[in-house]
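Enquirer: Predicted model, plus sequence, below.
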Amino acid sequence: MRYQSLSKRKAHFKTFTGLSVEEFDDLITATRQDWENLRITRLIEGNPHRKRDIGAGRKKILNAQEDQILLTVMWLRTYSAYAMFEYLFCIDESTVQRTIAQTLPLLQSKFLLPFPDPRKQKGRKKITTWEQMQKAFPGIDEVRDILLGDATEQKVPRPQKKTKRKKYHSGKKKTFTIKTQLIVNGQGLFADISQSIPGRTHDYKLFKASGPPRSIPKGIPLYLDSGYQGVNKDFPDLNALIPFKRNRSGKQLTRSQKIFNTKQRKTRVPVEHSISRIKKYKALAETYRNSLQNYNMAFKFVCNLVNFRTLHRMTAAVTG
């Protein structure tokens, strides 16, 4: 199987990748230079005194950018064993693993909204006004000038070591998990993805250690769930909105508080939809069987892919 053959069957292509052929073609165009830079960096990094020209030597069986990204996206979408792709792409199982590992770094922050911590985004100007946001991402609706935060967990195999077992055991899920925090805008576009941590860590503890509390521009509302109690006290400059919660005395919430909670929950629906979109890729939905060292890389790849697809469809709707 290669891109040229699968792209002729558009329905199958969308089933295997979650993208239309046109969207995939635009993805290739948008990442071509990054893919080339990543390839050159990989060749020079291991051999700084390299004398042979880039591109010299024996060519890979799966050498084209389209085929390498297609393999990676299909693996994330289906989460089948490497042996399955060995037969589909007529390459060794080790080549499948190596191709995926070399392609995952391609999409880490390429299509994220520019709200991450500027200390981790060298050379990237921080967005401080909505006008700058509209200029960076044409077609974004001005009415949806909000941010929504939540954390998601994914099941991992039971660690063999007892010390690790305790760290990854989630009391909420009653199993072993790995957790990642997400910040999206009102249209469900990802703005920030935290590092993935063992599932035992509380959502709010992860939030305090992440970049958004210190990088989100003032005045932009941030809607969080009831697990983020104390956020207004710890971050007074952050315009965080969390639901009212009954105290231990059992005092009932007032009618106005209940109405606020209902509206707050309705506003937070897009972040739940965004999580459901990334869970369409089975690598982030089923028990993650691969090395946890690469988990966050795979997570960010899928989020950027979903962002690209959403932005592509928004642009298509605007241009008609």
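Expert: Looks like it arrived, so ask away.
Enquirer: what about the helices in the stretch 151-300 of the chain?
Expert: Ranges of helices in the stretch 151-300 of the chain, per DSSP state H, counting those that start in this stretch, are 162-168, 203-209, 212-215, 231-234, 255-267, 269-278, 295-319.
Enquirer: so which of these gets nearest S5?
Expert: helix 295-319 (21.8 Å; Cβ to Cβ). Heads up, the C-betas are built off the backbone N, CA and C, glycines and all.
Enquirer: Which strand or helix spans I28?
Expert: Secondary structure from DSSP states H and E places I28 in helix 21-45.
Enquirer: Which residues outside that helix are in contact with it?
Expert: With Cβ atoms under 8 Å, 6 or more residues apart in numbering as the test, helix 21-45 has contacts from 7, 10, 13-14, 17, 19, 50, 54, 65-66, 69-70, 73, 102, 105-107, 110, 305, 308-309, 312-313.
Enquirer: Kindly recompute the last result at 10 Å.
Expert: Helix 21-45 is contacted by residues 3, 6-10, 13-14, 17-20, 50, 52, 54-55, 57, 64-66, 68-70, 73, 102-103, 105-108, 110-111, 304-305, 308-309, 312-313, 315-316 when judged by Cβ atoms under 10 Å, 6 or more residues apart in numbering.
Enquirer: Repeat that for stretch 195-202.
Expert: 151-156, 159, 164-173, 175-181, 205-206, 208-211, 227-228, 288, 292, 295-300.
Enquirer: buried residues in the helix holding I28?
Expert: If you call a residue buried by 16 or more other Cβ atoms under 10 Å, then helix 21-45 has these buried ones: 21, 23-24, 26-28, 31, 35, 39.
Enquirer: can you check stretch 93-110 too?
Expert: So stretch 93-110, judged by 16+ other Cβ under 10 Å, has buried residues 95-96, 99-100, 103-104, 106-110.
Enquirer: okay if I get those residues as CSV plus secondary structure?
Expert: Putting the buried residues of stretch 93-110 into CSV (DSSP: H, G, I helix; E, B strand; the rest coil) gives the following:
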residue, secondary structure
T95, helix
V96, helix
T99, helix
I100, helix
T103, helix
L104, helix
L106, helix
L107, coil
Q108, coil
S109, coil
K110, coil
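Enquirer: Filter the contacts of stretch 195-202 down to the buried ones.
Expert: 151-156, 159, 168-170, 176-181, 206, 210-211, 227-228, 288, 295-296, 298-300.
Enquirer: so of those, which ones are in strands?
Expert: Secondary structure from DSSP state E places 151-155, 169-170, 176-181 of the buried ones among the contacts of stretch 195-202 in strands.
Enquirer: In a markdown table: the residues you listed, plus distance to Y223 and pLDDT.
Expert: Converted to a markdown table, those look like this (distance: Cβ to Cβ, whole Å; pLDDT from 0 to 100):
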| residue | distance to Y223 | pLDDT |
| --- | --- | --- |
| A151 | 14 | 95 |
| T152 | 16 | 95 |
| E153 | 20 | 96 |
| Q154 | 23 | 96 |
| K155 | 27 | 96 |
| H169 | 29 | 94 |
| S170 | 23 | 92 |
| F176 | 29 | 96 |
| T177 | 24 | 96 |
| I178 | 24 | 96 |
| K179 | 19 | 96 |
| T180 | 18 | 96 |
| Q181 | 14 | 95 |
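Enquirer: Hmm, L222 and G186 touching each other?
Expert: No - in this structure G186 lies outside contact range of L222 using Cβ atoms under 10 Å: 11.3 Å.
Enquirer: that older thread, only whichever of the contacts of helix 21-45 are buried, select them in PyMOL.
Expert: In PyMOL syntax, the buried subset of these is picked out as below (16+ other Cβ under 10 Å):
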select buried, resi 3+6+7+13+17+18+19+20+65+66+68+69+70+73+103+106+107+108+110+111+304+305+308+309+312
